Every structure is written in C-alpha cells, then in structure tokens.
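Student: here is my input, please return the structure:
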Amino acid sequence: MSIPQSGGGPIESFDQLAEYLESGCKPTEDWRIGTEHEKFGYCKDSLMPLPYEGERSVLAVMEGLRDLHGWAPVLEADKLIGLEKDGANVSLEPGGQLELSGAPLRTIHETCDEVNTHLRDVKDIASKVGVGFIGLGAAPQWSHEQMPVMPKGRYKLMTDYMDSVGTMGKTMMYRTCTVQVNLDFASEADMVQKFRVALALQPVATALFANSPFLDGKPNGMKSWRSNVWKHLDDARTGMLPFVFEDGMGFERYVDYALDVPMYFVYRDGKYINALGQSFRDFLNGKLPALPGEVPTLSDWADHLTTIFPEARIKKFMEMRGADGGPWRRLCALPAFWTGLMYDQTSLDAAWDLVKGWDTETRQAWRDAAPVDALQASVGGTSMRDLAAQVLEISREGLKRRAMPGAGGMIPDERHFLHALEDSVESGKTPADELLEHYHGDWNGDLNRIYAEFSY
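Tutor: Below you'll find the model as predicted:
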C-alpha cells in the first residue's frame, strides 16, 4: 500500500481535483513502466510469518537493504517502515509482506533488471538470517491471528474499519499479495480508452496469474482467492466501475466517484488522523469532523486516491490491479502483458474492439468467473483460455511494434517476457493449477512442501 503523498497547497476549487489527475498526461516519448510486487517472508525453521522486529524479521531484511545496498530509510514514529532509492521504494504491507514499488522505467528489460536485482539482494540478506520469501497470491497456511502487525498508523485505522464495511478486508490486508504495473496516458481521451480496456480485461490477468488456491492449510475452492477477497471487501471502493464505460467519462467523472468514496484518514505531522467514513466533499467545505475548519491540500487528495481499490484505478497514472503475486518469472510478464496492450495504439484499438461490445453484465460475469476457474472459466460460450489467447496475441504484436531492444541490442524486443503466459495458455494451466496438482499428487496434501519448492 502507498506511503504518504507530499506536495501541493490548499485546494481552493473543485477544478483542482481533476487538474491533479490531468497533470499526469505525458507525451508518448515520456511514457514509463512502473512495476510493483509483494511477497511473503517466513522463518525457514518454523515456516511461520516474519515478525516486524527480531533477528529473523522484516526489519532485519530492510536494515540489510539499507546498510548493504544503499537504500535510504523511511521512518514513521521512529520506526523503519520503508526505503527509497533511485525513484523506487520498498514498503511494508499490513502483515509484513515486503513490497517493491519500482522506479518509472522506459522498457520491460529495465524493469525486469530492477526486479531481478531486488530479489537477489533480498535473497542474499534473507539467507544470512534464516529467512525465506515466496510469491503467492494468498498465505497458504497462516491464520489471521498468526500474522504480525506492522507499525503503521494507516493500517491500524484500516484494520479497525474493515469489518464494518465487508467480510474480507482484513484477509486482504494481512494475507494476500499482488503484482501490479503502473502505466501512463497521453490525454483524457487516451486515459478513457486505456481505463476501459484495463477494466474489461482485468479478469484475463486474474486468470493468467491465478496463484492463490490455498488458505488455512487446504484448497479454498478458487484458483485466485486473492481476487475473490476483493469482491467482499468494501463495495464503496472496489469493483469494475460501470460508469467508466458511460458517455461523459473523463477526469471530472472519476473525481465525482472518488469524492463519494468514504475517507480513511488525514495525514498530519507524521500522524494518521482518524477520518473513517467521513466525506471528502465535507472536507472541501471545511466541515470535516476530524479537522473542523480545515480544507484539504493536494497531498490529502493524493492520499485519498490511494484508498480507492477498483480493479484498475487512476492517479497521475493508471494501475492494473488484477493479478496475484507469483513466481519470479511472472513478475516481468505482467508489465509486458499490459505494456503490449496499452503502449501501442494499434494494439490498444484492437483490445478495445475485442471488448467494446460487452455490457456491464458480461464484464461482471468475467470478473466473477476468473477467480474460481481461471483459464477454465467460460462466459456466454467463450472460454477464458480462448479469450486469453486473443489478448496475448494483441499484446505480443504491440511489443513487437514497440521494438524496444535489450541486452545491448541482442534481444530485438520485449516479446519473450510473455513466454510464461503463452505456456499457460498452451497447457491450460495457471500457477494455481500446478500447485493443486502437487498438493493432490507428490505432496500428498503436505503444504509445507510449497516453501522449499516455490520460494524465490
């Protein structure tokens, strides 16, 4: 989850809210790719989640990154809760999941190099203190009570609030991991087209990256339990956003939606002030109960936008939010998948042509089916596997046309990053299917085997 935002004075008019989003528009040559991924840490001897502090802890790993690899500390109430370096940051999710939010980079080659360097550094530090890390969409065995709680004020407020608005908010916070990619847009019209494609095809990403078939030590009946969790978190701030497909969609329409999402907090002087369930519209009028008489700053608006969790969302860029955390190879496949679709106009048009005839019910049907059956899902006589094959072909051609070389020109473009996904479509098996095969086969129901065989 996001760190506190900074910059920007008091908001004096409604127009500034839309202008904040619009300020993210960039010419094509300035478009960048930002990859984020989360992972679970555990103690190798006990196979239990890492505490915040101690010899074997998340703190020990972050201190190693700070001291051995030049990351600058980010503190909250004198606690180390994050790191910064070269435009990237490392942060803590509520249950100690370690997240890399990568720098905005020009190519998939660069973002994959960044991921690889990070994972090598983390693995080196972790091995010295008896710690391991694993990429899964959900914690396979650990109960909510066994998860540690990170010392971040934002998370305490959210934890206390979750049970009042849904049934799985705390599960999302403490026992799930994702991989995301952040992409740019050129204009309002470009944002709208990308947003519509992103929302409509997010279930395809959910299916291809499905990697959370276990919870509480046994199969949970889903291929992507993490994706299912988001359906039961908080209807006011999640979902497929049907209004995005309506006439009149633009930055102002998204602002109207965001203003109707209840607030979590206001960040002041290093502290999170409880504004749970309060209205940002009231805040604009100086009538926020948490801070009577005060009006928000643009930093407050930026913070509020980070508390909205639809399947795709916009800030000054667009986030693709539908994929489970997963194995090393797939952390580079997700940005390749979306970059091929979004950063080539021919591919973007082809993707829109594929989905523009879908109605709200069809989009929701794909959203409902993907977590359960992944590539085996079917809607209206179309199989997810066939749909994924079409989408991958569009993405592949987009990466080919981008023609971004790597390895000093030895690799002509970025298409090879899709190989893991192409293998899944060819076999019909996602990571979740492979895990279930092991569980019911050579593991004989022993989920402890997952750590030795699937950790980074």
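
Student: hang on, isn't residue 328 packed against residue 455?
Tutor: No. Assessed by C-beta atoms under 8 Å, residue 328 is found out of contact with residue 455, at 9.9 Å. C-beta here means a position set from N, CA and C on the backbone, and glycine is covered the same way.

Student: between the two, which one's more packed in?
Tutor: residue 455 (20 against 17; other C-beta atoms under 10 Å).

Student: now do the contacts for the more buried one.
Tutor: In this structure, residue 455 makes contact with 132, 133, 134, judged by C-beta atoms under 8 Å, 6 or more residues apart in numbering.

Student: buried ones in stretch 66-84?
Tutor: Judged by neighbour count (16 or more other C-beta atoms under 10 Å), stretch 66-84 contains these buried residues: 66, 71, 74, 76, 79, 80, 81, 82, 83.

Student: okay, and which of these map to helices?
Tutor: Under the assignment DSSP state H, the buried residues of stretch 66-84 contribute residue 66 to helices.

Student: so which of the buried residues of stretch 66-84 is the closest to residue 369?
Tutor: residue 82 (36.6 Å; C-beta to C-beta).

Student: which residue ranges form the helices in the stretch 151-300 of the chain?
Tutor: Taking DSSP state H, counting those that start in this stretch to define them, one finds helices in the stretch 151-300 of the chain at 153-162, 169-175, 188-208, 225-230, 251-259, 280-284, 298-305.

Student: mean pLDDT for those helices - can I get that in a markdown table?
Tutor: Shown next, in a markdown table, are the helices of the stretch 151-300 of the chain (pLDDT from 0 to 100):
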| stretch | mean pLDDT |
| --- | --- |
| helix 153-162 | 94 |
| helix 169-175 | 97 |
| helix 188-208 | 98 |
| helix 225-230 | 98 |
| helix 251-259 | 98 |
| helix 280-284 | 97 |
| helix 298-305 | 97 |
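
Student: which residues sit in contact with the closest residue to residue 230 other than its chain neighbours?
Tutor: Leaving aside its sequence neighbours, residue 230 sits nearest to residue 238 (C-beta to C-beta, 6 or more residues apart in numbering; 5.5 Å). By C-beta under 8 Å, 6+ apart, the contact set of residue 238 is 230, 231, 309, 310, 311.

Student: CA atoms only for stretch 345-358, dumped as PDB, please.
Tutor: Output of stretch 345-358 as PDB, limited to C-alpha atoms (Å, rounded to 0.1, in the frame of the first residue of the first chain):
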ATOM      1  CA  GLN A 345      -2.100   2.400 -30.400                       C
ATOM      2  CA  THR A 346      -2.900  -0.400 -32.900                       C
ATOM      3  CA  SER A 347      -2.900  -2.900 -30.100                       C
ATOM      4  CA  LEU A 348      -5.000  -0.600 -27.800                       C
ATOM      5  CA  ASP A 349      -7.600  -0.200 -30.600                       C
ATOM      6  CA  ALA A 350      -7.600  -4.000 -31.200                       C
ATOM      7  CA  ALA A 351      -8.100  -4.600 -27.500                       C
ATOM      8  CA  TRP A 352     -11.000  -2.100 -27.400                       C
ATOM      9  CA  ASP A 353     -12.600  -3.700 -30.400                       C
ATOM     10  CA  LEU A 354     -12.500  -7.000 -28.600                       C
ATOM     11  CA  VAL A 355     -14.400  -5.700 -25.600                       C
ATOM     12  CA  LYS A 356     -16.400  -2.700 -26.600                       C
ATOM     13  CA  GLY A 357     -19.500  -4.800 -27.300                       C
ATOM     14  CA  TRP A 358     -19.600  -6.200 -23.800                       C
END
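
Student: in that stretch, what counts as buried?
Tutor: In stretch 345-358, counting by 16+ other C-beta under 10 Å, buried: 347, 348, 350, 351, 352, 354, 355, 358.

Student: quick check: which element contains the third one?
Tutor: It refers to residue 350. helix 345-355 (DSSP states H and E).

Student: rounded mean pLDDT for that helix, please.
Tutor: Averaged across helix 345-355, pLDDT comes to 98.

Student: just want the angle from it to helix 188-208.
Tutor: If you take axes from the mean of the first three to the mean of the last three C-alpha atoms, to 10 degrees, helix 345-355 sits at 70 degrees to helix 188-208.

Student: give the other helices and strands that the next helix or strand after helix 345-355 contacts.
Tutor: Sequence order places helix 360-373 as the next helix or strand after helix 345-355, per DSSP H and E. Helix 360-373 makes packing contacts with helix 188-208, helix 225-230, strand 378-379, helix 384-402 when contacts are defined by 3 or more C-beta pairs under 8 Å, 6 or more residues apart in numbering; DSSP states H and E.

Student: report how many residues lie close to residue 368.
Tutor: Close neighbours of residue 368, defined as other C-beta under 10 Å, add up to 16.

Student: and the nearest residue to it once chain neighbours are set aside, how far is that from residue 370?
Tutor: Distance criterion C-beta to C-beta, 6+ apart; nearest residue to residue 368, sequence neighbours excluded, is residue 231 at 7.7 Å. Note on residue 231: its distance to residue 370, by C-beta to C-beta, to the nearest Å, is 11 Å.
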